[in-house]
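Undergrad: Here's a sequence, model it:
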Amino acid sequence: MKEITIEKNQCGQRLDKFLAKVLREAPKSFLYKMLRKKNIKLNGKRAQGNEKLEEGDVVAMYFSEETLAKFSGAPDGKEPSLAQKTGAPLDIIYENEHIALINKPAGLLSQKAKPDDVSLVELFTQYAGAREEGFSPGICNRLDRNTSGIVVAGKTLFGLQSMSELFRDRQIKKYYLAVVEGVVEQDFTAEGYLRRDEKRNQSQLFDTQVPGSSYIKTGYKPLECDGAYTLLRVRLFTGKTHQIRSHLSSLSHPIVGDVKYGGCVSGRVRRQLLHAYEIAFPEMDEPFRDLSGRSFFAGVPDDFYKVGKFKLYKSL
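TA: Sure, this is the predicted structure:
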């Protein structure tokens, strides 16, 4: 038997979500079966799994030590270090008690696609250190594997939920840098409807709404042009998968290196030149007053300098 008293950093989540983190190797069917059979109780009573946990609640699991060990996936002390997994530590731009801003390198997944993948989530969990049972540090926004730049991560449940809500309500402004083919001379804002094709891992843009599509809006500001390529500052008003990449492709200005969406192939560039460069927070109260009204930046990656003769890079 094992009892867990819910602490401040664990409350506010559903019981079944909490159990899935504590017993992370257990199938969901097993968890719900144990709830039905009263082998898992909340405050000494039968539970359904949809209860919201409060500070001081007691979760009791009536299992053998062997079953607990099997399904908890307890670490054996042999977890590889960040340096072993990636060759370098995480690039932390800013950090406080609740959150961290990370400059994700191109080539690193935000979240796992397959069980054996190494992603930013696992690396940040290792960086942030052990937390209360039933809570794991996580990320609040995602970038494609080959898109670099700022990702917001939550070190506490409060930080994770607060930042996720700000993203959901579009109160956090997100700006990207992109090197595109062709000449872009004027600022413009593009709108449309994006539909995701999961099998092809590709998004398709439409002028009008079609079944399965979502509204998108993207703003573009040319910063510099050398006659062949244009360096754009991109404002992401909505955040859908491959939004910027598909939008620019539809406008006949695909991102350099983005072969999935028609970008040119260059021997010097091995990924799409898209970088989440800036993030701007709204006015905020404690405990995030130190973020209030501030913008944070991730430096221009080295591979951006391999295409285009842009003087502006020196001031970014």
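Undergrad: Now the closest residue to residue 308 other than its chain neighbours: phi and psi?
TA: Distance criterion C-beta to C-beta, 6 or more residues apart in numbering; nearest residue to residue 308, sequence neighbours excluded, is residue 229 at 4.1 Å. Any C-beta I mention is one placed from the backbone N, CA and C, and that applies to glycine too. The phi and psi values for residue 229, taken as degrees, to the nearest 10, are phi -130, psi 160.
Undergrad: now swap in residue 190 and tell me
TA: Here is the backbone geometry of residue 190 (degrees, to the nearest 10): phi -110, psi 140.
Undergrad: for the one 4 residues further on, same thing?
TA: Taking degrees, to the nearest 10, you get phi -110, psi 130 for the backbone angles of residue 194.
Undergrad: Quickly list what it is bridged to.
TA: residue 205, residue 214 (DSSP bridges).
Undergrad: Tell me if I'm right that it and residue 246 touch.
TA: Yes - with contact defined as C-beta atoms under 8 Å, residue 194 reaches residue 246; the gap is 6.4 Å.
Undergrad: Tell me the residues that contact both of the two, please.
TA: Taking C-beta atoms under 8 Å, 6 or more residues apart in numbering as the criterion, residue 194 and residue 246 both touch 203, 204, 205.
Undergrad: thinking again about what came up before, can you tell me the number of residues neighbouring the residue nearest to residue 308?
TA: Neighbours of residue 229 under the rule other C-beta atoms under 10 Å: 22.
Undergrad: show me what contacts it?
TA: Counting by C-beta under 8 Å, 6+ apart, residue 229 makes contact with 179, 180, 181, 182, 256, 307, 308.
Undergrad: With distance to residue 15, pLDDT and neighbour count as added columns, please give the shared contacts of residue 194 and residue 246 in TSV.
TA: TSV is the format used below for those (distance: C-beta to C-beta, whole Å; pLDDT from 0 to 100; neighbours: other C-beta atoms under 10 Å):
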residue	distance to residue 15	pLDDT	neighbour count
203	36	88	22
204	40	86	16
205	41	87	19
